[in-house]
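>>> please find the sequence and the predicted model below.
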Amino acid sequence: MTALAVENVSKNFGGVSALANISLNVSRGERRILLGPNGAGKTTLFHTISGAVTPSGGRITLFGIDITRLRPDRRARLGLARTFQITNLFPRLTVLDSMLLALGGASGHSLQLIGSPSGYRSEYDKAHQLLEQWDLVGTARRVVRTLSYGEQRQLEIALALAGQPRLLLLDEPTAGLSPAETRRVVSMVHALPRDMTILMIEHDMDVAFELADRIAVMHQGRLIAEGDQAAIRANKQVTDIYLGAD
Ligand SMILES: Nc1ncnc2c1ncn2[C@@H]1O[C@H](COP(=O)(O)OP(=O)(O)O)[C@@H](O)[C@H]1O
Ligand SMILES: [Mg+2]
């Protein structure tokens, strides 16, 4: 079953063709990595999938439903969650409050429910359990801006998971992390339910090859290669780009 179908999607910014007829199919439960040098259009493609950017042309379907022009919150309700290349947390909230907010947003009944003591208790237990699951429970009372950058990236993924998404988009979750922090993010991804579909932008080849079922490579707004690890490693255009840039 196809989780995500991107069909001939284009996006122009003034004279710049950020996306030129991109077509991509990701199956349910697949772990797909998107590679490509800076400026290739990877983040813009994520924006068109999440709804932050409307494509100039083409069509995007999520589990068979046309979402091309749907509002971002409607897409979230269909099971889409994403993290950002630059972290997108509220710096003054505690980790626990951030998780409570994410859970409220995910269930759509946020503040009313938290307003009742029993409702608060059940959301609180859920938040605690999720922080424990993702190895963040020790940071629950801390204010987000005092966390290390690595912990912030981990938290961001944990928050995206609060709504139990069916499709998770991760934009360079390991960028700027130490090798140890990178390992933690990689093991988080390994620990995700096998039926969750993941599309992840990654610049680190080792991480990409470790996690990917299939890899797609973008360059200058185009999809230039798609395949498993062996096919990507053997692709002359891909190796040329990676020896030449990044
Ligand atoms: N909002 C925008 N306005 C104008 N140009 C943009 C905008 N967003 C991205 N671009 C341009 O689109 C191209 C692709 O950018 P981006 O999707 O961020 O690439 P990547 O994530 O692969 O590094 C770049 O040339 C970038 O400058
Ligand atoms: Mg980017």
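Sure, I can see it. Only a predicted model underlies this, so the values are computations on that prediction, with no experimental measurement involved. Ligands and ions are numbered 1, 2, ... in the order given.

>>> would you confirm that residue 70 contacts residue 48?
No. With contact defined as CB atoms under 8 Å, residue 70 and residue 48 do not form a contacting pair (11.5 Å). To be clear about C-beta, it is placed using only N, CA and C from the backbone, and glycine gets the same treatment.

>>> with adjacent residues omitted, what lies nearest to residue 76?
Across the structure, with CB to CB, 6 or more residues apart in numbering as the measure, the residue nearest residue 76 apart from its sequence neighbours is residue 163 (6.9 Å).

>>> count the neighbours of that neighbour for me.
Residue 163 is flanked by 19 other residues according to other CB atoms under 10 Å.

>>> just say helix, strand or coil for it.
Reducing the assignment to helix, strand or coil with DSSP: H, G, I helix; E, B strand; the rest coil, the entry for residue 163 is coil.

>>> check contacts around the residue nearest to residue 39 when sequence neighbours are not counted.
Computed as CB to CB, 6+ apart, the closest residue to residue 39 that is not its neighbour in sequence is residue 220, at 7.6 Å. For residue 220, the residues meeting the contact criterion (CB atoms under 8 Å, 6 or more residues apart in numbering) are 20, 39-41.

>>> strand partners (parallel or antiparallel) of the helix or strand containing residue 215?
Secondary structure assigned from DSSP states H and E places residue 215 in strand 214-219. As defined by DSSP bridges, the strand partners of strand 214-219 come to strand 31-35 (parallel), strand 222-227 (antiparallel).

>>> near ligand 2 at all, the first one?
Pointing back at strand 31-35 there. No. Judged by CB under 5 Å from the ion, strand 31-35 and ligand 2 are separated, with a smallest distance of 9.5 Å.

>>> pull the distance from that strand to the chain's centre.
A distance of 11 Å separates the C-alpha centroid of strand 31-35 from that of its chain, computed with CA atoms, centre = their mean, to the nearest Å.

>>> next SSE after that strand?
helix 42-50.

>>> okay, that following helix in CSV with CA atoms only?
Extracted as CSV, the C-alpha positions of helix 42-50 are listed here (Å, rounded to 0.1, in the frame of the first residue of the first chain):
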residue,chain,number,x,y,z
LYS,A,42,14.7,18.6,0.0
THR,A,43,13.2,20.9,2.6
THR,A,44,10.9,22.5,0.0
LEU,A,45,9.6,19.1,-0.9
PHE,A,46,8.9,18.5,2.8
HIS,A,47,7.1,21.8,3.0
THR,A,48,4.8,20.8,0.1
ILE,A,49,4.0,17.5,1.8
SER,A,50,3.3,19.1,5.2
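
>>> in that helix, what counts as buried?
Buried positions in helix 42-50, judged by neighbour count with 16 or more other CB atoms under 10 Å: 42-50.

>>> the one helix or strand residue 76 maps to packs against which elements?
Under the criterion DSSP H and E, the helix or strand holding residue 76 is helix 72-77. Judged by 3 or more CB pairs under 8 Å, 6 or more residues apart in numbering; DSSP states H and E, helix 72-77 is in contact with helix 42-50.
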